[in-house]
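> The sequence and its predicted three-dimensional model are supplied below.
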Amino acid sequence: MPDPTTLPIWRIHSDILRELRVGNRLVLVAPTGSGKTTQVPQMLLDEGIAGEKMIVVLQPRRVAARTVATRVASERKCELGAEVGYQIRFDDHTSAGTRICFVTEGILLRWLQDDRTLANIGAVIFDEFHERNLLSDVALALVKHLQRTQRRDLLMLVMSATLDAEPVATYLEECPILISEGQSYPVDVSYLDAPDQRAITDQAAEAVERILHDDAPGDILVFMPGRGEINRTLDALRSLRTQERISCIPLHGALEPKEQGRAFSPNALRKVVVATNVAETSITIEGIRHVVDSGIARVARYDA
């Protein structure tokens, strides 16, 4: 495993700690892959910023909460559910000794109902806040109110890769903003030469086939809007006639934890991971060098 302290977020390590020692609110903007999700909670724990209380990290998706908790536990060489754990609907991997806990917004709201002061929590980190929804907005408002009225010691940190930080900082009463520059790599982008009326699943499989025939190294990530399209893409991939053997792996929220873990585990074969947009900003899959994007995603909307 690479040294986590080489990640870009560590360049502003001292700035993060300074702002949270001086005040109790911070907005952090850091690009995908900078290490903010895995490293910032560990920075706070190791420096004792939250005292002896738990650091809670809100994740908008269950897949992200589970996989990030697993990664952080691995980095800290502890068993999942001990010092580092997670809690999502119907799945609780925490214990009395858990100090960093990754949860979905609904879990935090339930905790607020059970204990309105969050007495055992020292810091709440709202991660990937650009994926705002009703639950995350309510959670932010309630934690802000709690901090202002009863828990001045409670720390609030809002993090995102693509967030417009100014409105959030204004809502949090002009709290400081820190920006991590991250790291970038050259990217070649290509598009279809002409419209294609075939199913997007067949088009994606053909794009994967072209990558394989070009002998370009690296794993492949395919974006599809939902579980049905993912399964049909996998069926199309399995019918490809290629000389190279590949491992076709689905990734979506309905999978069992063990199945989700296949996307992140080392593999002797080249991996072709077919995922929803959870893999766009919520999680990072090492080894990906090629991305096939269907250009379609499912977005919830309210119909009056």
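Arrived safely, thanks for sending. Numbers count the residues shown, from 1 in each chain.

> For the rest of this, base every contact and every neighbour count on C-alpha atoms.
Will do.

> Which residues does the lengthiest helix in the chain contact?
Taking DSSP state H as the criterion, the chain has its longest helix at helix 134-149. Residues from elsewhere that reach helix 134-149 (CA atoms under 8 Å, 6 or more residues apart in numbering): 60, 105-106, 108-109, 116-117, 126, 129, 153-156, 172.

> Which of the residues you listed fall in strands?
Applying DSSP state E to the contacts of helix 134-149, the entries found in strands are Phe126, Leu155, Met156.

> Could you give the number of residues near the last one?
Met156 has 23 neighbouring residues, counting by other CA atoms under 10 Å.

> Does it touch Ile121 like I think?
No - Met156 is beyond contact range of Ile121, at 10.9 Å (criterion: CA atoms under 8 Å).

> what is Met156 paired to in the beta sheet?
Bridge pairing for Met156 (DSSP bridges) gives the partners Arg25, Val124.

> What is the subsequent helix or strand relative to the one helix or strand in the chain whose mean pLDDT sits lowest?
Ranking every helix and strand in the chain by mean pLDDT, DSSP states H and E puts helix 278-281 at the bottom, with a mean of 70. Tracing the chain C-terminally past helix 278-281 and defining elements by DSSP states H and E, one meets strand 288-293 next.

> And the contacts of that following strand?
Ala204, Ala207, Val208, Pro217, Gly218, Asp219, Ile220, Leu221, Val222, Phe223, Met224.

> Stretch 150-160 now?
20, 24-31, 36, 50, 117, 121-130, 143-144, 147.

> From Leu134, how far off is Thr117?
21 Å (CA to CA, to the nearest Å).

> Looking at these two, which one has more neighbours?
Thr117 (17 against 8).

> can you tell me which residues contact that one?
Thr117 neighbours (CA under 8 Å, 6+ apart): Leu146, Gln150, Arg151.

> Please report the number of neighbouring residues for Thr284.
Neighbour tally, Thr284, other CA under 10 Å: 18.

> Now it: closest residue in space that isn't a chain neighbour?
When the adjacent residues along the chain are set aside, Thr284 lies closest to Gly33, with 6.5 Å between them (CA to CA, 6 or more residues apart in numbering).

> Okay then, goodbye and thanks.
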